[in-house]
Structures are given as C-alpha cells and as structure tokens.
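> model this:
(3 chains)
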Amino acid sequence: MSVGEKQTVEILKVLYRGADILILDEPTAVLTPQETDRLFDILLRMKDQGCAIIIITHKLHEVMEISDRVSVLRRGEVAGTVNTRETSPMELTSMMVGKKVTLSIERPPVKSEDIMLEVRDLSLIDRDSIKKLDRVSFSVRAGEILGVAGVAGSGQKELCESIQGLERRKRGEILFKGENISHLTPRAIFEKGLRISFIPEDRLGMGLVPTMDLVDNVILKDYYLQKGIFLDREPAKQRAEHIVKMLNVHTPSIYHPVNKLSGGNIQKVLLGREIDSTPDFLVTAYPTRGLDIGSAHLIYDELNRQKERGVGILYVGEDLNILLSLCDRIMVMFEGKIIGTVDASTATKEEIGLMMLGEVTGGVNSND
Amino acid sequence: MDISFFTAAVVAGTPLLFAILGELITEKAGQLNLGVEGMMLMGAVVGFKTALMTGNPFLALAGAMLAGALGAMIFGVLTVSLRANQVVAGLTLTIFGTGFSSFMGQGLMGEVVPESMKLFFADFKIPLLGDIPVIGQIFFNQGMLVYTGYFAAIIAGLYIYRTSIGLNLRSVGENTAAADAAGIKVSRYKYIHILIGGLLCGLAGAYLSLVYIPSWQENVTAGRGWIAVALVIFCRWNPYRVLAGAFLFGGLDIIGFRIQKYDFHVSQYMIDMLPYLVTIIILILVSARRTSAGSPPASLGESYFREER
Amino acid sequence: MIKMSARTDCSAKESAAIRGGAIILALVTVSFFIMILGHNPFSVYGSMIEGAFGTVYRITETLRKSIPLIVASLGISLAFRLKFWNIGAEGQIMMGAMGATFCALNFPDLTSWLLLPMMGAASIICGGIWGAIPAYFRAKWRTNETIFTLMMNYVALKWLTYLQYGPWKDPAALGFPKIPGFSPNAVLPNVFGLHAGWIIAIVLVVIVHLFINHTQRGYEISVVGGSENTGRYAGMNVKAVIIYTIFLSGGLCGLCGMIEASGVNRTLSVGITMGAGYTAIITSWLSSLKAPVIPAVCVLFAAMIQGGTFIQMAFQIPQSAAQILQGTILFFVLGSEFFIRYRVSFIKNIKAEGEK
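Residues are numbered from 1 along each chain as shown, chains lettered A, B, ... in the order given. As a prediction, this is how the structure comes out:
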C-alpha cells in the first residue's frame, strides 16, 4: 500500500466508527498534490454532512484553501482566531512569528557551469532485498540548488546517505569534483579535503547527540584530528559561541543539552555546524520540517548565501511551493527511480505531482 | 533414549512454559520485564512456605502467583506510571526477588513438600488421549500442572489472536501512540498484562519448588527465568510456539543427568553448560536471520508519555 | 486530576535532594518490614552502622568489601554509557580471576614485581574477552546483549566448577574439591592494613574519569551511547567502538576478579564474586555512571553488606535482608527519577476526565 492509500484507510477507519469530529495532524505530508485534492474533496463532503474537522498543517496555502476559520498557535498559546475569508497568508505569518516578516524566497541565478557532483547509475538494495535506489543518475553544478521531490520513502534518505558515504551496499559511481568517492567512508572523504555537509531529516537521531551540549556536538566531525589521545574543547567552545551568534540560537548557554532546545534551535545548531566547516557541497533533507515560518525563512536565506558562495546544494523537500521558489531544478523520485528533472522556474505543481506518482511527463533522464 | 526421557523433558519444560508465556504476554503490551527470574524466585519461596504452613495446594499456588504478581506490580508502577528505564527496573526486580527468596527461605533448607500435596500433583492418565502410543505416554500421563500448562498456552494464543481485547493488546505493543489515539486505555492494558505475566512467573516458580524438586533449595531457578526471556525471542512472540520451545529446553535441562549412564567421557559440569550455551547459540542465530517475520512488538521497551510524541 | 509535564529546569541540588529523599523513603519502607519481623528498626539500622563502622577492624572490612564493587562498577559504567546492558560482570570477574589464578599456579616462584602485573594483565584479557564475545555479536547482528552476557555468567560458573572439581583440584587437599592456595609472591601486599587493591581502585577511578571526559576515545563512547546513527554519521567505526569499550568493561571486571583472588581469597573458588557483579549494576546506576561518585555509593553498599552480617548475629535477621534493602533503595531511586524529569501538579478534577 502506498502512504496515500494508508492515509485513506485511516480516514475510512474513522468514518466507519462514525466520527463526528475529525482531527488531522499534517495529513498531506506524505501525499502528492493530486492525492491532497482528493483528500480535501472528502473533507468538504464530510463537512457538508455535519462533521466538524480540525486540520493541523504548516502549509499556509492549505489553510487558505480548505478552512473556514484559523487558529494560530504560538509557543503553546492561541495567538488568535480569524475567519479564513477575512485574512491573508501575510497576516497569518505575522501572527505565527509575532512580528511582520517577508515571505518571499529569492532565487539568485546560477553563475557557474562547473559540475560539482555527478552521480552515475547509483543502485542500492536493502537487507530485505528491496530496491531502494534504481540506477539513479544526475549532476549538480557549483552554486546550484537541485531540489528533490517525491512522496516520503521514495529513496531520498538512501540517496542522501549514499552521497555522504554512510551507505555501504551501493553500486554505481559518485563523482565529486571528478573524483570517485562512492567507496569511501565519511571520514575518508573528509580526509581527502572534500567537504560534504549533510543535514539529515531526523536531527536528533542522526547528526546530533541529543544528550550532549552544544560544544560537544560542534566538535563531532573533527575531534579526531586533534593530536594525542586527549580532547581539547577550547576551539569548539569558540565555534559554538560563533554559531549561536551567527544564527541567533536561543539557548541558556553553550553547555545546554541540545535535546532541551526547541526544534528550530536544534536545526540551527546542526546547520551552523555544517556551514561552519565551509563545505563545498551541502545535502539537506527536510531542513525546515517542524520549524516555525520565521526560522524556516532564516534557513532558506542561509542556503541562498551558501549558494552564492559557490556551494552545490541537494535540497530534499516536501512543500512543492518552497521547492518551486527556492530550487533551480527539481528532480522527482518515485520508488527509487528518477522519473524526471524539471526547470523550477517553468514547472507547475500539477506536473510535479503527476511525476511523484510515477507518471513520466517528459523532462530529462528517465529509466524503465 | 527411551520414552521416559521425553516424558521427563515435558516435566522439566513446564516451569519454562509458564515463565515464557508470562513474559510473552508482558512483552505483547510493549513492556520488557527482565525480572522473570526474580518473580519466579518470589513465587517459589512463597508457594513452598504456604504449602508447609497450610498443606493446601490451592493456597500454595495462589500464594505463589500473588507473590509473582507483587513483583510485577512493583515493575509496573516503576515503568508504566513512573516511566523508569525498563531494563534497569527488571534487573532490580531480579536482585530484589533473589534477596526476598533467600530471606524468606532461611531455615527452609532441606524441608520437603508434604506427602498429601505430592499426591495432589501426581501424574494421572487422561482417558483416550493417554492411550495413544508414544504421544499419550509422553504428553498425557502427567500431573495436573502440566495439563494446565497446555491449556495456558492455547488460551493465550486464542486470547492474543482471536479476541478484540487481544487485538487491542497487540496494538498497544506495536504502536502505543496509535492505540492511545484510538481510545484504548494504554496504561490499564499495560498494568493488567504485566500482572498476568507476574502471576504466570509466580506459578512457574511454584512448580519448581513444589513439584519439580520438590524440596527447598536456595536459588531453585538457576537461570531458568533468563532462559525464558531468551526463549520468548526463540518462540517469536507466538504462544503456540512456546509449547515447542519450552519442551525442547526441558530436554536440554535434563540431558546432563540422563547422559551419565551412557558413560560419556565428558565432565558433568561441561554438560551442565548446555542449556546456557544453546540459549546463546539460539540468540545469535535468531539475530543473524534478518527477516522481519517474527519480530518483537515495535514499541517494546519504550516508555510511553502522551505529551512527548 | 494529576497533570504531568516535562521539565528541564531541575538543578543539580534539587535532583540530589530528590534522590536523597528516595533513599530515606526506602529506609522507612524497609523499617516497616523490620517491625513486622518484631524488631525495632532504629536499633537494627543503628547496629548496622555500628557493624560497618564501629571499630577500625570493621571499617577495614567495609572498605575491603567496597573494593570489588568499585572496580566492577567502573567497568559496568563504561558499558552502560554505551547503552550496552552488560549484566555479565559476574562471569567476567570469574574469568578474570581464572586468568590470574592460572599465572599464580604456574609461576609461583616468580618475583612479585613480575608475577602480580602478569596476573593483572591475564585477568584483564580473560575478563575482556568474556565481555567482547557478546559485544562482537551485538555489533555485528544486534544480538540481544542482556541475555547473552547473563548466559555467559552461567557458562563461566560451570567452567569454574569444572576446574575446581577437575583439573585444578588441589591434590594435597585429600579429595576435598578446592584449588591450591597462592604462593606469597602472588598475593597483593598490605598497605596501611588493607590489601593494595584499594590503591588500584582509586587510580582506576581517576583514569576512568579522565578517559570518559577528556579523551577522544571516551568522547566516542558518549557519542555512540547517545546515538549510534550519529556516530556513523560522524565517521566513527561504531562496531569497533562497541567491541573495544566492552572489552575494557569486561577487562575492568576481570581485574576485579584478580584483586579478589589475590588480595582476599589467595585462591580461586566458585564463590569468588560474592555477588559483586550483580550489586555493581545497582551501584553504577545509582552513581549515574559518574566515576567520581562510584566510590561513595560503593562504600555505602559495602557498609550495608558488612552491617548485614552484623545484624544476623545480633538479631538473627538473615543476611539477605541487606540484599532486599539494596533492591528497595534502587526501586525508590528509579522511581524518583520521574520527579526529576517531570513536573507533577494537581488540578481540579473535571468530571468528564474520570475513568468510565
């Protein structure tokens, strides 16, 4: 069963039990635009039959599309309740953040033609002998953001971890600045002077040590380069302070365990550490998941700053609106295959949505 | 090997059977209780003492089961209500239970179960079934508690797989948050099944001290509680498989004693290692086989706190 | 209705107070138990303290009993830091003691300066390997280490029994199954009235503390214990970290076996551990796996054991009462952690909230 179908089963189950009130928590995170439309149809019909529906979502356009009234929560309090018809995304955003913000995402042009990362025929079969990646090929230029779209579990995680050197069972070539790194460990890549930074989707499960403080988390990737057997935390202390200042991390001190910080601040620590190592290439998976809109935009701005520095970026995202406005090109994955790659400035959500379901609509590079 | 070996294997497997079932039911609710050894010891000593004092087999068994449930209750309060680390809480229960049994057992050393009670637990033949050649001799010429064991396994299987309460129980162990969202009273389910687990472990202990030995020995369990925890994995959380797992290990348990007459040139103490070594080998083999079939309940060992999802 | 919420603001002082309160509650609970037995809890506790600290001899005895607990707790704390539930300390102590005994029996005439370090090294290797076997399978296939290490205890016990009743049986003991005593060269010297194990224990506390907090290897242990995936992400060889950490953990427990065999028993027997491997699980957890705290907790537990033997004589209360007391204390401290992590507040009952 696809995730979308599971979602439908879940809703049917609720209907079967005769629910009067339906509460949905981020129901569209795993759906394609078309499936979302279908879900919203069902919801509207239920509404007509007298059902009360509460939908929790971080996508503003969904709120505007489906709701009658909106309550905005901020730090556990209701910041306000308004009628959808009388409000605008702009107003909702300022309610969420508590001050006026601009919502635009810039897209500076790609200046370089140099290919930073090239992946050729990458395949991966997991231990249950399921094909997670199937002959994936693409390339990313320096100073380009390549978006990756697809329903959750289409191979995005495996792709990111393969590039980083974490997946050992893969086949195919990964050329980084012309050098094949497909059989190197993360540390071997690092020691070649190739800086690939990786912001994984599960920040506390991979990327950070939840119970450790900022200093110990900042030192994670290069502690072993120190001479001798002892560990000197002095340089890491300065870097932690620098990250806190640079990204405006809210923390009582740099000796605070990261799992006691809020989601946005945890992400800032991770992003700060990865950027602080002046990477050549940045792999990010859902970097703004669970973040308030203000922090999210701070992260988009930071990604654009890295882009202008000439860093190549692979951006795995779920919100097609963001992908379309932030990325230069968008690559769509389905069941471990690349269905196609589109130009973000001309593509439409519907087009990408069809590709997310595995329907080839053109674009470059498709496999059987 | 003659048939009497297999008959004895069933007897030796019965305490394991109760203990495995108890731990299995507890684990189905998502709680990993490593205190099986402790609960068995508590059951063993309370059962034995009650037997000496009252001479009533029912009171003795009830006492043993309540003692096991008492230990389980401590574990439940700590891990369900207070969300303590389940591994450490279970270990502590074992240490506590060991102390409890040697404390209560002080002065019981060498005491023997009253004759009247031995008679109560004695073997009897089940009509018809007991007349089947070989199988009848092995399985249906046994004591009352062995038959109870068969029933317990079958009832547990029906309960877990064929009732709606069993379905709810499995969903608590597989995905606690989803079960909670579906309106299942998660804490109540966990408590009840931890307690059922304790009752069964207490019974397992009582079987050792009242029927299997049947006199008082310090540390009667000799690691059987831990083997039971391992066998839950071996039986892949399936109550019907428990019958096979328990009797197989019952056989291993007595093989050392039986083998002596065949004049093997292997030390008794080396053969005594067998059950433990085989348990280790099974653990390794089960973990090396990488299929998702027969995997543990997905939320096993995790504390559940609604606000922390 | 009771409302619970996570808290992050619990100060060190406050959490120490909560733990202290839990220990007192445990003592109160056990005192009810003592009253049921028909004794006055104050006089029982009083004589326990007297039995543990009343005379210089008793203090020495208490300290002597705390040494194996300290060394084994240090070992276990390394494993627990990795979230590797090593409950095989008991077996690792036995195997360590066996390694030391092997050297002591085969080279009785070697000078102490060579023989004792050799025994120490042998015990670390034997205990370490006994720990590394389950660690290897855990690293390779995620084999359940809790049960594995525990089964290894029983295997070690049967192995020692085999040695004691078989190949290592003292021919001079007229058929009595005991292993020969050590030569004086194989016995730890006395320093200030107590065998030199206490110096080893103190040195190890300092080393383990430095190792965990100030070395790269120690840092790796904390990272992998916090999140194995993050360890992989950072490029660590997670499997190697698991195996060598547990080798060290088992090695320390093995050294504990050597200290007991050489310093106290001067021979090897199946009862060498005196249950230290299990008690050390409690003490290292109660110390929050912090090396500097371990000696204090271990002396407290040794006092309970020593006091336990005393009340057996004075009140005919079985010695295992001490074990019950230890278990109860850990129960209460485990439960109290909840109040360190969560805030509990009472709010007025709303009828609809009640159970059906």
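
> I figured A:Leu124 hits A:Leu133, correct?
Yes: counting by Cβ atoms under 8 Å, A:Leu124 does reach A:Leu133; the two are 4.0 Å apart. (Glycine included, C-beta is placed from N, CA and C.)

> Neighbour count: these two, which is higher?
Just comparing A:Leu124 and A:Leu133: by other Cβ atoms under 10 Å in any protein chain shown the higher neighbour count belongs to A:Leu133, 27 against 22.

> Give me the secondary structure label for the more buried one.
Recorded secondary structure, A:Leu133: strand (DSSP: H, G, I helix; E, B strand; the rest coil).

> Now do the same contact list for it.
Counting by Cβ atoms under 8 Å, 6 or more residues apart in numbering or on different chains, A:Leu133 touches A:Leu122, A:Ser123, A:Leu124, A:Gly155, A:Glu158, A:Leu159, A:Ser162, A:Lys170, A:Gly336.

> re earlier: list residues touching both of A:Leu124 and A:Leu133?
A:Gly155, A:Glu158, A:Ser162, A:Lys170, A:Gly336.

> would you turn the residues you listed into JSON lines with distance to chain B, neighbour count and pLDDT?
Shown next, in JSON lines, are the shared contacts of A:Leu124 and A:Leu133 (distance: Cβ to the nearest Cβ, whole Å; neighbours: other Cβ atoms under 10 Å in any protein chain shown; pLDDT from 0 to 100):
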{"residue": "A:Gly155", "distance to chain B": "19", "neighbour count": "23", "pLDDT": "88"}
{"residue": "A:Glu158", "distance to chain B": "17", "neighbour count": "23", "pLDDT": "90"}
{"residue": "A:Ser162", "distance to chain B": "20", "neighbour count": "26", "pLDDT": "91"}
{"residue": "A:Lys170", "distance to chain B": "18", "neighbour count": "23", "pLDDT": "82"}
{"residue": "A:Gly336", "distance to chain B": "19", "neighbour count": "25", "pLDDT": "89"}
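
> Below-threshold pLDDT in chain A: ranges please.
A:1-5, A:7, A:15, A:101-103, A:361-368 (pLDDT under 70).

> Please name the nearest non-neighbouring residue to the most centrally placed residue in it.
Nearest residue to the geometric centre of chain A (Cα atoms, centre = their mean): A:Tyr286, 1.2 Å. With sequence-adjacent residues excluded and distances taken as Cβ to Cβ, 6 or more residues apart in numbering or on different chains, A:Tyr286 is closest to A:Glu201, at 4.7 Å.

> neighbours of the closest residue to chain B within chain A, just the number please.
Closest to chain B within chain A is A:Arg127: 5.3 Å, counting by Cβ to the nearest Cβ. Using other Cβ under 10 Å, A:Arg127 is surrounded by 9 other residues.

> Tell me if it really is in a helix.
No: secondary structure of A:Arg127 (three-state DSSP): coil, not part of a helix.

> And it, how far from chain C?
11 Å (Cβ to the nearest Cβ, to the nearest Å).

> Likewise for A:Lys192?
From A:Lys192 over to chain C (counting by Cβ to the nearest Cβ), the distance is 12 Å.

> for A:Leu175, same thing?
20 Å.

> Residues of the stretch 201-350 of chain C that sit close to chain A?
By Cβ under 8 Å from any Cβ of the partner chain, the residues of the stretch 201-350 of chain C that approach chain A are C:214-219, C:222-223, C:226-227, C:229-230, C:232-235.

> For B:Pro297, pull up the helix or strand it's in.
Applying DSSP states H and E as the criterion places B:Pro297 outside every helix and strand.

> The closest residue to it other than its chain neighbours: which element?
In this structure, B:Pro297 finds its nearest non-sequential neighbour in B:Gly173, 3.3 Å apart by Cβ to Cβ, 6+ apart. Counting by DSSP H and E, the element that carries B:Gly173 is helix B:164-174.

> A:Lys237 - nearest residue in space that isn't next to it in sequence?
A:Val215 (5.4 Å).

> ok, that neighbour - contacts?
A:Arg233, A:Ala236, A:Lys237, A:Ala240, A:Ile254, A:Tyr255.

> In the residues you listed, find the pair that's most separated.
A:Ala236 and A:Tyr255 (11.5 Å; Cβ to Cβ).

> Please say which of these two ends up with more neighbours.
Using other Cβ under 10 Å as the criterion, A:Ala236 and A:Tyr255 rank with A:Ala236 on top: 21 against 13.

> Check which helices and strands the host helix or strand of the more buried one is in contact with.
Using DSSP H and E, A:Ala236 sits within helix A:234-247. Contacts defined by 3 or more Cβ pairs under 8 Å, 6 or more residues apart in numbering or on different chains; DSSP states H and E place helix A:234-247 against helix A:214-218, helix A:263-276.

> Show me the contact partners of the longest one.
Under the criterion Cβ under 8 Å, 6+ apart, residues A:197-199, A:203-204, A:207-208, A:214, A:217-218, A:220-221, A:239, A:242-244, A:246-251, A:258-259, A:261, A:282, A:287-288, A:290-292, A:295, A:298-299, A:302, A:306 lie in contact with helix A:263-276.

> Report the angle between that helix and helix A:234-247.
Interaxial angle of helix A:263-276 relative to helix A:234-247 (axes from the mean of the first three to the mean of the last three Cα atoms, to 10 degrees): 120 degrees.

> Buried ones in helix A:263-276, by neighbour count?
Neighbour-count burial for helix A:263-276 flags A:264-276 (criterion: 16 or more other Cβ atoms under 10 Å in any protein chain shown).

> Next: stretch C:185-193.
Applying 16+ other Cβ under 10 Å to stretch C:185-193 flags C:Asn185, C:Ala186, C:Val187, C:Leu188 as buried.

> burial count for the nearest residue to the last one once chain neighbours are set aside?
Right, C:Leu188. What sits nearest to C:Leu188 in space, not counting adjacent residues and going by Cβ to Cβ, 6+ apart, is C:Gly263, at 4.0 Å. Neighbour count of C:Gly263, defined by other Cβ under 10 Å: 21.

> so what's C:Gly263 up against?
C:Ile67, C:Val187, C:Leu188, C:His195, C:Ala196, C:Gly197.

> Filter those residues down to the ones in helices?
C:Ile67, C:Gly197 (DSSP state H).

> wait, which of the contacts of C:Gly263 is closest to chain B?
C:Ile67 (20.3 Å).

> Show the average pLDDT along stretch B:91-107.
The average pLDDT within stretch B:91-107 is 89.

> near chain C, anything from that stretch?
Yes: contact of stretch B:91-107 with chain C (Cβ under 8 Å from any Cβ) involves B:Leu91, B:Thr92, B:Leu93, B:Ile95, B:Phe96, B:Gly97, B:Thr98, B:Gly99, B:Phe100, B:Ser102, B:Phe103, B:Gln106.

> Let me have those residues in JSON lines, adding neighbour count and distance to B:Val134 as columns.
Below are the residues of stretch B:91-107 next to chain C laid out as JSON lines (neighbours: other Cβ atoms under 10 Å in any protein chain shown; distance: Cβ to Cβ, whole Å):
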{"residue": "B:Leu91", "neighbour count": "25", "distance to B:Val134": "43"}
{"residue": "B:Thr92", "neighbour count": "29", "distance to B:Val134": "45"}
{"residue": "B:Leu93", "neighbour count": "29", "distance to B:Val134": "41"}
{"residue": "B:Ile95", "neighbour count": "24", "distance to B:Val134": "44"}
{"residue": "B:Phe96", "neighbour count": "27", "distance to B:Val134": "44"}
{"residue": "B:Gly97", "neighbour count": "33", "distance to B:Val134": "39"}
{"residue": "B:Thr98", "neighbour count": "23", "distance to B:Val134": "40"}
{"residue": "B:Gly99", "neighbour count": "24", "distance to B:Val134": "44"}
{"residue": "B:Phe100", "neighbour count": "25", "distance to B:Val134": "42"}
{"residue": "B:Ser102", "neighbour count": "20", "distance to B:Val134": "42"}
{"residue": "B:Phe103", "neighbour count": "19", "distance to B:Val134": "45"}
{"residue": "B:Gln106", "neighbour count": "17", "distance to B:Val134": "45"}
